[in-house]
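In: need a structure here:
(chains A and B)
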Amino acid sequence: MYKLILSWRYLRTRYIALASIISVTLGVATMIVVNSVMAGFSHEKHQRLHGILSDLVVESMGLDGIYDHEILQAEIHKILGDELKGLTTVVHIPAMLSYKVRGEYVPHQISLIGIDAKTHAEVSDFSRFLLHPENRQKLSFALHENGYDTHDVESGREVARRPQLKDAGWVYRRHRAVHERHQKQSQQTRQSESKNPTSFDNAAQHEGSADTTASIPENPYLAASTTEERFFDPLKEQHAGVILGISIASVRHRSTQGQVEDYFLCLPGDDVNISFPTAGTPPDFGTGQFTVVDFYESKMNEYDSTFAFVPLHQLQKLRGMIDPATGSAAVTSIQIKLHEGANLQAACERLRERFPAREFPYRIRTWQEMQGPLLSAVRMETVILNILLFMIIAVAGFGILATFFMIVVEKTRDIGILKSLGAPGRGVMSIFLSYGLSLGAVGSGVGMILGLLFVHFINQIATGLEWLSGREMFDPTVYYFQEIPTIINPWTVSWIVIGAVVIAMMASVMPALRAAKLHPVEALRYE
Amino acid sequence: MKEGFEAEQHERLLHLQLSPQNPQPSTKMQTSNAVTHHTANQPHHQSKQNGPHFRIAPKPAQAVGSAPPIIMSTSGLKKSYRKAQVTIPVLRGVDFSIPAGQITAIAGQSGSGKTTLLHLLATLDSPDQGEIHLHGKRIDNLPTQARDRLRNETLGMIFQFYHLLPELTTLENVLTPVMIGQSVLKYWKNRHVNLERAKTLLDLVGLSHRLEHKPRELSGGEMQRAAIARSLICSPQLLLADEPTGNLDRQTGREILDTLRTLNEQENLTIVMVTHDLEIARQADRLVQLVEGRVEEARTTTGG
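Out: Predicted coordinates for the structure are as follows:
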């Protein structure tokens, strides 16, 4: 009983202990905040990655792809059984995309993905990341009249404005086609005038020859496309649709009013050229024209700046992946989605066992393996941060150790008194151990409350800091998120709190032992 | 000046030794005067502010032929301290006994080893040689736990500097030995009994109005009386007092001695008191005089 009373009184009356409590509090609060934010970021990243990627991917190692994929699919169905939720076939190849901006071609190195509009939504949250509401409901590669999202809204807050998307779609395409036609006509007029520069009056005489000039292709090397152009009316028609990663087509900037805006170099309704390796050995160079029908915005820069999705069949046709004899088309990979709770790794192992690398030219990976370096980097960051932050608590532990030694010295006579009254060494020891426990418990308890409050109000705090510093904490032109994502994991919080209490206890063991070993007579004589 | 003081002390000592049957008549007069105002039947209600004014008077003489039993005895006690490479002998073979129900004073000059002897009797320290017996049972070689229990249950101690725990109130200080001796559960079960006893003891020493005061809020005399109450809470068989009046003024010191004498008389409590003050020492029933770590003389001062 005396142990409890004394440790409680020491806690109340020794203000030096407050320093130890504060350091434990700060350490615990910081660890909780950092872990919650890291977990939030990590979860956000995982969710986005998982939303983009399917659970499992069976890839062909070659560019020609897998021809007998129906058999492969049947086998996968058999192996995975009930765990399988859905699968889709995909052609995934490296490619180069280019579009015209003010008369110049802007090239982009991209990952061209031919997807099956019907089945692709079964394996990933692909549709969720599109800008047109109808496409989000049901994916289509047809250009919409208009109605694309003109604001980038994240968690109910506007991140960026996209005024250019107001009329994007057919409205923009028709407008552009008319404009281009006028431009072409005036260019032709100028060209005919320049052929006879002696007199303006002669211009009228040469007007008839303009048609002849128009028939000469701009680029004689693109003979095929010019031939097609003769039958293609951009006012009414579109090429095969392409959904571009938003960063391929836009630049985020701040307007003169300070608002964050996305400036689009090409819009839904614009045509783009895509060059890619064809199937066949050795691979050749193929090209195709596509019409941008939507943008893909996963907020993962890696994907938004490289992914371009086109209809699977179109890509198979362009790459020469359709066997003219049988009509069967090859694919480069099969993406698989499993039911919630299924063991990904085990399923992957089963597939690997059935299709060993030495016999089949397939690479079978889970989505985590595909994003291995990124995810392991996040994991490593979390571990290192935790180690560093735990050092703070360890420092607090040393603070407790020093404080306790001081208190033991200060309380030497009290220890002598207790021993003279018959208190055993372990009783004296437990006063200081329970004092350490109380310090740890109070410090970590307050730290936990502070940390949780900080996490709960982290966005308000960030806003306050923005107001104080006059700078945005997370500049939307740099970061894709508007709110700091946080996840409070009760287990992590428990471990942090328990760890801090244990450290405080451990720090008090040595001084407590010293107190227990004090000779009563020497302690009583201590001045 | 110091020499003059020592000479006076020595003269008093000589006087005490020479006339044991008639110690300090003037003091006795004063104390017997006190009896007329503060008898044992008329306890401390009047004295709550100033402490109890129990009479300090010699105990009635033991009936001839019925010598009091010996509660504690020592034989050949030796103790030395080591400082760096030098060994300083403090006790050089102490033999004496403590009769039950009496006040025994251990007197001696500074450095004569009286406090060391008291610490050995209290089992706070172990002798280098020799034995200590309590009720005929050897206690100096007991294991630590048994000594702790002995200090808690059988022996009571008071000190020159009171040694109250500054964080606790007077009441809690008095209850500390009970808390040490009982588990949390047992203490909680007996809390009303314990509290009542502590309050009764504090009332006995005239501190019932200071229950919730911290030691720093008490005067020296009050602190010593609180320490006495604390030493009595576990009903000890032997009270060991180390210079109980050494830090107090003469009047307050006298009050403390009154209290001790009353306890001795009413509770039949055996008290061993270490003091360098011969005036105080000779008021005890028995005087053990230490000189340079040896018992110079042990004798009964009154009635024996």
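
In: and A:Asn146, what does it touch?
Out: A:Lys166, A:Asp167, A:Ala168, A:Gly169, A:Trp170, A:Val171, A:Tyr172 (C-beta atoms under 8 Å, 6 or more residues apart in numbering or on different chains). In this view, the C-beta of every residue, glycine as well, is placed from N, C-alpha and C.

In: out of these, which end up buried?
Out: A:Asp167, A:Ala168, A:Gly169, A:Trp170, A:Val171, A:Tyr172 (16 or more other C-beta atoms under 10 Å in any protein chain shown).

In: all helices of chain B, in order?
Out: B:2-18, B:25-37, B:114-121, B:144-153, B:170-181, B:184-189, B:191-204, B:220-232, B:250-267, B:278-281 (DSSP state H).

In: let's have those in JSON lines, adding mean pLDDT.
Out: Below are the helices of chain B laid out as JSON lines (pLDDT from 0 to 100):
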{"stretch": "helix B:2-18", "mean pLDDT": "36"}
{"stretch": "helix B:25-37", "mean pLDDT": "32"}
{"stretch": "helix B:114-121", "mean pLDDT": "88"}
{"stretch": "helix B:144-153", "mean pLDDT": "90"}
{"stretch": "helix B:170-181", "mean pLDDT": "91"}
{"stretch": "helix B:184-189", "mean pLDDT": "88"}
{"stretch": "helix B:191-204", "mean pLDDT": "90"}
{"stretch": "helix B:220-232", "mean pLDDT": "88"}
{"stretch": "helix B:250-267", "mean pLDDT": "84"}
{"stretch": "helix B:278-281", "mean pLDDT": "84"}
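
In: just put these in JSON lines and tack on mean neighbour count.
Out: What follows is the helices of chain B, written out as JSON lines (neighbours: other C-beta atoms under 10 Å in any protein chain shown):
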{"stretch": "helix B:2-18", "mean neighbour count": "12"}
{"stretch": "helix B:25-37", "mean neighbour count": "12"}
{"stretch": "helix B:114-121", "mean neighbour count": "25"}
{"stretch": "helix B:144-153", "mean neighbour count": "18"}
{"stretch": "helix B:170-181", "mean neighbour count": "25"}
{"stretch": "helix B:184-189", "mean neighbour count": "12"}
{"stretch": "helix B:191-204", "mean neighbour count": "17"}
{"stretch": "helix B:220-232", "mean neighbour count": "25"}
{"stretch": "helix B:250-267", "mean neighbour count": "20"}
{"stretch": "helix B:278-281", "mean neighbour count": "22"}
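
In: those: which one's closest to A:Gln335?
Out: Among the helices of chain B, the nearest to A:Gln335 by C-beta to C-beta is helix B:184-189 (64.6 Å).

In: which outside residues touch that closest one?
Out: A:Met1, A:Leu4, B:Val178, B:Met179, B:Asn194.

In: how far does that helix sit from the chain's center?
Out: Centroid separation between helix B:184-189 and its chain, computed with C-alpha atoms, centre = their mean, to the nearest Å, is 30 Å.

In: and for stretch A:295-305?
Out: 8 Å.

In: repeat that for stretch A:112-127.
Out: Per C-alpha atoms, centre = their mean, the centroid offset for stretch A:112-127 relative to its chain is 19 Å.

In: hang on, the earlier thing: now render the contacts of helix B:184-189 as TSV, adding distance to B:Ile271.
Out: Below are the contacts of helix B:184-189 laid out as TSV (distance: C-beta to C-beta, whole Å):
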residue	distance to B:Ile271
A:Met1	28
A:Leu4	33
B:Val178	21
B:Met179	24
B:Asn194	24
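
In: hmm, which two among those are most spread apart?
Out: A:Leu4 and B:Asn194 (15.4 Å).

In: before we move on, the earlier item: also near chain B: which of the contacts of A:Asn146, exactly?
Out: Taking C-beta under 8 Å from any C-beta of the partner chain as the test, chain B is in contact with none of the contacts of A:Asn146.

In: which of the residues you listed fall in helices?
Out: Those of the contacts of A:Asn146 lying in helices (DSSP H): A:Trp170, A:Val171, A:Tyr172.

In: wait, what's in contact with the last one?
Out: If you count contacts by C-beta under 8 Å, 6+ apart, A:Tyr172 has them with A:Asn146, A:Leu267, A:Pro268, A:Gly269, A:Asp270.

In: which of those tops the neighbour count?
Out: A:Pro268 (32 neighbours; other C-beta atoms under 10 Å in any protein chain shown).

In: nearest residue to that residue other than its sequence neighbours?
Out: Leaving aside its sequence neighbours, A:Pro268 sits nearest to A:Ala168 (C-beta to C-beta, 6 or more residues apart in numbering or on different chains; 4.4 Å).

In: quick one, phi psi at the one you found?
Out: phi -60, psi 150 (degrees, to the nearest 10).

In: for A:Ala330, same thing?
Out: phi -90, psi 160.

In: so it sits right up against A:Leu312, yeah?
Out: No - between A:Ala330 and A:Leu312 there is no contact, the gap being 10.7 Å when judged by C-beta atoms under 8 Å.

In: which strands and helices sit next to the lengthiest helix in chain A?
Out: When secondary structure is assigned using DSSP H, the longest helix within chain A turns out to be helix A:372-410. Judged by 3 or more C-beta pairs under 8 Å, 6 or more residues apart in numbering or on different chains; DSSP states H and E, helix A:372-410 is in contact with helix A:16-52, helix A:425-456, helix A:490-517.

In: briefly note if the last one comes near chain B.
Out: So the one you mean is helix A:490-517. No - Helix A:490-517 does not reach chain B (C-beta under 8 Å from any C-beta); its nearest approach is 10.9 Å.

In: give the other helices and strands that that helix contacts.
Out: helix A:16-52, helix A:372-410, helix A:425-456.

In: and the second one, by the same measure?
Out: Counting contacts by 3+ C-beta pairs under 8 Å, 6+ apart, helix A:425-456 is packed against helix A:2-13, helix A:16-52, helix A:372-410, helix A:412-420, helix A:490-517.

In: model confidence over the third one, on average?
Out: The average pLDDT within helix A:372-410 is 82.

In: how about the first one?
Out: Taken as a whole, helix A:2-13 has an average pLDDT of 78.

In: for it, name the packing helices and strands.
Out: helix A:425-456, helix B:170-181.

In: from chain B, how far off is the residue lying closest to A:Tyr10 once chain neighbours are set aside?
Out: Excluding the flanking residues, the one nearest A:Tyr10 by C-beta to C-beta, 6+ apart is A:Tyr435, at 5.3 Å. A:Tyr435 sits 12 Å away from chain B, going by C-beta to the nearest C-beta, to the nearest Å.

In: also A:Lys299?
Out: With C-beta to the nearest C-beta as the criterion, A:Lys299 and chain B are 58 Å apart.

In: need the helices and strands packed on helix A:490-517 in JSON lines (columns: distance to A:Glu302).
Out: Shown next, in JSON lines, are the helices and strands packed on helix A:490-517 (distance: least, C-beta to C-beta, whole Å):
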{"stretch": "helix A:16-52", "distance to A:Glu302": "9"}
{"stretch": "helix A:372-410", "distance to A:Glu302": "8"}
{"stretch": "helix A:425-456", "distance to A:Glu302": "28"}
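
In: quick one: contacts for A:Leu453?
Out: A:Leu453 touches nothing, counting by C-beta under 8 Å, 6+ apart.

In: quick one: low-confidence residue ranges for chain A.
Out: A:154-157, A:195-231, A:475-482, A:527 (pLDDT under 70).

In: typo on my end, the stretch 1-150 of chain B
Out: Residues of the stretch 1-150 of chain B that meet the cut-off, pLDDT under 70, sit at B:1-66.

In: noted, bye for now.
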